[in-house]
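[1] Make a model of this:
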Amino acid sequence: MAGIGFELRRILRKNTLIGILEAYAYAGIIGSGPWVLSIVGILLIGLFSVSVVVPSYLVTQFQTSVTYLVAGSLIFTGLAQLAFTRFISDRLFEKKKDAVLPNLHGLMLLVSAGAGLIGTLGIFLLLPGEGILYRLLMLAGFVTLCSVWVMSVLLSGMKRYKAIVLLFAVGYTLIVVGALWLRYYGLEGLLGSFVAGNLVLLAGMWGLTMREFNVRQELVRFEFIDRRFLYPSLIAIGFLYNLGVWIDKFMFWYFPPTSDPIIGHLRASLIYDLPVFLAYLSIIPGMAVFLIRIETDFVEYYDKFYNAVRDGGSLDYIETMRDEMVHSIRLGLGEIAKIQAPAVLITFVAGPSLLRALDISELYLPLLYIQVVGAGLQVGLMAILNVFFYLDQRRIVLFLCLEFVVLNVALTALSLWFGAALYGYGFTVAVLLTLSTGLYLLTRALNRLEYETFMLQ
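    Sure, this is the predicted structure:
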């Protein structure tokens with residue numbers, strides 16, 4: 001997200017109430033717009049199609065199929081997202097703009113080939129006996145989504161945040177409209193609209209990239225896999241973080257007492273999935289505060305600190321900027337906590353009515369409550385990881401992501417063993433413990449910042 005701070009600071013310089021509201025709205029839309037649009041789009045398709053698609057369980061099959069596509073594609077492309085973003089950032093810093101598009105094409109070829117292989121294995125192993133059209137659409141959807149995530153990360157690196165949100169809005173509007181038009185064709189019609197909308201989204205992203213980097217150059221390069229430019233730690237971090245976010249969901253999906261078979265070997269957990277989706281919608285305000293504070297205040301003092309180091313600033317000034325960085329981090333984390341606390345309270349108050357409106361049993365309320373807390377803690381964890389990325393502390397980030405995965409697996413398994421009273425606590429406690437470790441390591445890293453900056457380079 002580096003670079004969004006420039007736009008946010010420009011808005012905040014208006015120094016008016018409208019300017020502040022505009023900045024927070026902008027940050028909220030940029031930070032959470034794409035996945036909110038995705039969730040809302042899929043829910044709308046289900047809502048509009050239940051009364052038309054017969055039998056109605058086909059809508060559940062569609063939503064489950066899409067969930068697996070999203071989860072699998074995010075985990076798979078996590079291997080490339082951060083590492084390739086770093087590669088592109090380094091090339092742009094070196095003024096080698098002509099290296100971007102050929103290497104993007106090279107990555108897209110590798111990702112598409114890998115996704116095609118994994119997807120082909122998946123449709124035979126997970127979807128035996130299903131219709132050929134459905135299986136081909138699942139394969140096409142998986143490959144397309146993998147390409148969409150790669151392009152999303154690249155466009156973020158180009159600071160084209162508004163374009164990303166706009167393209168997601170157009171793509172998922174087309175998906176919803178297409179689903180309304182094709183819903184009479186059942187599961188294949190709904191899935192076909194999803195694949196077509198994502199193809200339009202991918203085409204729009206690729207068009208923006210071509211417009212930005214359309215210079216005469218060779219078509220394909222694979223420099224990004226050169227050992228000189230490869231960052232194994234970033235490959236592992238991208239994979240582990242996405243795995244950590246999704247692993248508890250998979251465990252609930254494939255634990256028989258908490259799940260049901262939906263289609264083929266794909267399973268879903270009604271008691272877990274809907275509370276999780278609703279909980280993630282509650283973190284939009286926290287995401288806005290996260291971007292405002294980390295990408296404006298912290299980055300401002302971060303730049304001043306390292307500029308002073310490079311330009312020979314006085315030790316007193318360098319220490320002052322370090323102290324301001326620490327203060328901005330504390331302020332940012334405090335404001336995230338302040339804004340998420342009301343979101344949690346609102347969910348506690350409105351939870352029963354919300355579940356009744358969605359025709360969900362109020363027995364799921366405790367799970368919704370603990371998931372809202374866990375989602376809010378995850379915003380704090382993302383803020384900590386973001387600061388470590390700015391400080392280029394990749395080993396610490398890797399350790400935290402590994403801790404997150406291990407704790408989430410162990411504690412979720414423990415909660416499944418103890419029973420329904422502890423469902424959801426595995427993920428939330430895993431995030432809490434990882435966040436606590438991150439805060440301790442961040443405090444130590446900031447206390448040693450001058451030493452590490454001057455003595456360990």
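[2] ranges for the helices of the stretch 201-350 of the chain?
    Secondary structure of the stretch 201-350 of the chain (DSSP state H, counting those that start in this stretch): helices at 232-253, 270-281, 284-292, 299-311, 315-357.
[3] Turn these into a markdown table, columns for mean pLDDT and mean neighbour count.
    Any C-beta I mention is one placed from the backbone N, CA and C, and that applies to glycine too. As requested, the helices of the stretch 201-350 of the chain are exported to a markdown table (pLDDT from 0 to 100; neighbours: other CB atoms under 10 Å):
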| stretch | mean pLDDT | mean neighbour count |
| --- | --- | --- |
| helix 232-253 | 93 | 21 |
| helix 270-281 | 81 | 20 |
| helix 284-292 | 74 | 24 |
| helix 299-311 | 83 | 16 |
| helix 315-357 | 82 | 16 |
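[4] want to throw the ones you listed into TSV with distance to residue 167?
    Formatted as TSV, the helices of the stretch 201-350 of the chain follow (distance: least, CB to CB, whole Å):
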stretch	distance to residue 167
helix 232-253	21
helix 270-281	21
helix 284-292	19
helix 299-311	26
helix 315-357	28
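[5] Chain neighbours aside, what residue packs nearest to residue 130?
    Counting by CB to CB, 6 or more residues apart in numbering, residue 264 is the residue found nearest to residue 130 once chain neighbours are left out, at 5.4 Å.
[6] Any figure for the gap between that neighbour and residue 68?
    Remark: distance between residue 264 and residue 68 (CB to CB, to the nearest Å) = 10 Å.
[7] neighbour count winner among the two?
    Counting neighbours by other CB atoms under 10 Å for residue 264 and for residue 68 shows that residue 68 has the greater number, 24 against 21.
[8] What does the pLDDT read for the more buried one?
    pLDDT, residue 68: 91.
[9] helix or strand for it, which one?
    helix 57-93 (DSSP states H and E).
[10] Summarise which helices and strands that helix is packed against.
    With contacts taken as 3 or more CB pairs under 8 Å, 6 or more residues apart in numbering; DSSP states H and E, helix 57-93 sits against helix 17-49, helix 100-125, helix 132-157, helix 186-213, helix 232-253, strand 260-263, strand 266-268.
[11] Quick one: residues contacting residue 115.
    73, 76, 142-143, 146-147 (CB atoms under 8 Å, 6 or more residues apart in numbering).
[12] Closest to residue 436 out of those residues?
    residue 76 (29.9 Å; CB to CB).
[13] coming back round to it: return the set of buried residues in the helix holding residue 68.
    58-88, 91 (16 or more other CB atoms under 10 Å).
[14] and the angle for that helix with helix 100-125?
    Angle of helix 57-93 versus helix 100-125, following axes from the mean of the first three to the mean of the last three CA atoms, to 10 degrees, is 150 degrees.
[15] quick check, distance from helix 57-93 to the centre of its chain.
    Relative to its chain's centre, helix 57-93 lies at 9 Å (CA atoms, centre = their mean, to the nearest Å).
[16] just the angle between it and helix 232-253, please?
    With the same axes, to 10 degrees defining the directions, helix 57-93 sits at 170 degrees from helix 232-253.
[17] contacting residues around the residue nearest to residue 424 when sequence neighbours are not counted?
    Spatially, and ignoring its direct neighbours in sequence, residue 424 is nearest to residue 370 (4.1 Å; CB to CB, 6+ apart). Residue 370 makes contact with 424-425, 428, according to CB under 8 Å, 6+ apart.
[18] with these in mind, which one is nearest to residue 315?
    residue 428 (43.0 Å).
[19] For that closest one, give me the pLDDT.
    Here, the pLDDT recorded for residue 428 equals 94.
[20] Give me the next element, helix or strand, following the helix or strand containing it.
    Using DSSP H and E, residue 428 sits in helix 425-447. Going down the chain from helix 425-447, the next helix or strand is helix 449-455, by DSSP H and E.
[21] average model confidence for that next one?
    73.
[22] do the same with stretch 416-425
    89.
[23] what's next to that stretch, contact-wise?
    Against stretch 416-425 from outside (CB under 8 Å, 6+ apart): 251-252, 255, 257-258, 271-272, 275, 366-367, 370-371, 374, 411, 414-415, 426.
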